[in-house]
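Student: structure for the following, please:
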Amino acid sequence: MITIRRSEDRGHANHGWLDTHHTFSFADYHDPEHVKFRSLRVINEDRVSGGQGFGRHPHRDMEIISYVVSGILEHQDSMGSRALMKAGDVQRISAGTGIQHSEYNASPVEPVHFLQIWILPDQKGVKPEYAEKSFAGIQPGALNLIASKAGREGSISIHQDADVYVAKLHAMATVNHDLAAGRSGWVQLIEGSLTVNGKELRPGDGAAISGEDRLQLTAAQDSHFLLFDLN
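Tutor: Below is the predicted model:
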């Protein structure tokens, strides 16, 4: 079964400096039918104006993944980590026993567009950790693993049995992905036009996938998306 979560049905807030869409309940947006999907708790698509951002704030017991689509995102945290993240960069914070961090648009003029993802960890109270890696050079036409439980294939490790992939497909290209028995999937389309087992996605749309053993992802036009393989 594939259930489409349309972009326009997401929670939305425009604060002037921040234009944000929430796939699942977050902050002042609460939808009891869309609180989480398996271990996937948050997908926020954020566009932050030049020189603006999120001041230092706390997190704990959450795997936080940021994926930069365009622009430059400046990060600082209480672990001493500092980074300027560009398009294709992936960051993971295992908040564990507790961290504080801030995120700002490093450009005074150009907006930054990024997705912030929260995955529920499989254990609480872990020592906070930070990791960052660029996937800007991914090969079009393939699923590229960016996060996994064991850090397979050069991906960033997370505290959950979840695989996160990024892909860019040229128009009319297809990739397939097999889901093991008992696992579910989520596809989040960032750019382009994509079909998942024949169901069409537009930018900002998500697809919740259960009870399917194979996914066929075909781009109607050049497309950019994330795929989550969830326990």
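Student: now do the helices in this protein.
Tutor: For the chain, applying DSSP state H gives no helices.
Student: which strand in it runs the most residues?
Tutor: strand 214-230 (DSSP state E).
Student: tell me which residues in that one are buried?
Tutor: 215, 217-219, 223-230 (16 or more other C-beta atoms under 10 Å). C-beta coordinates here come from the backbone N, C-alpha and C atoms, glycine included.
Student: of all those, which comes closest to residue 122?
Tutor: residue 230 (11.8 Å; C-beta to C-beta).
Student: contacts only, for that closest one.
Tutor: By C-beta atoms under 8 Å, 6 or more residues apart in numbering, residue 230 lies in contact with 37-40, 162, 183-186.
Student: any idea how far the closest residue to it other than its chain neighbours is from residue 15?
Tutor: For residue 230, ignoring the flanking residues on the chain, the nearest one in space by C-beta to C-beta, 6 or more residues apart in numbering is residue 38 at 4.1 Å. From residue 38 across to residue 15, the span is 30 Å (C-beta to C-beta, to the nearest Å).
Student: again, but for residue 126
Tutor: 32 Å.
Student: looking at the two, which is more packed in?
Tutor: residue 126 (15 against 10; other C-beta atoms under 10 Å).
Student: got a list of what that one touches?
Tutor: 94, 96-97, 159.
Student: check what pLDDT residue 139 gets.
Tutor: In this model, residue 139 is scored at 87, pLDDT.
Student: distance-wise, check it relative to residue 169.
Tutor: 11 Å.
Student: neighbour-wise, which of these two wins?
Tutor: residue 169 (23 against 9).
Student: hang on, the more buried one packs against residue 216?
Tutor: No. If you go by C-beta atoms under 8 Å, residue 169 and residue 216 don't touch, sitting 11.7 Å apart.
Student: quick one, what contacts the residue nearest to the spatial centre of the chain?
Tutor: Geometric centre of the chain, nearest residue: residue 117, 4.3 Å, by C-alpha atoms, centre = their mean. Contact analysis of residue 117 by C-beta under 8 Å, 6+ apart lists 40, 42-44, 64-67, 164, 226.
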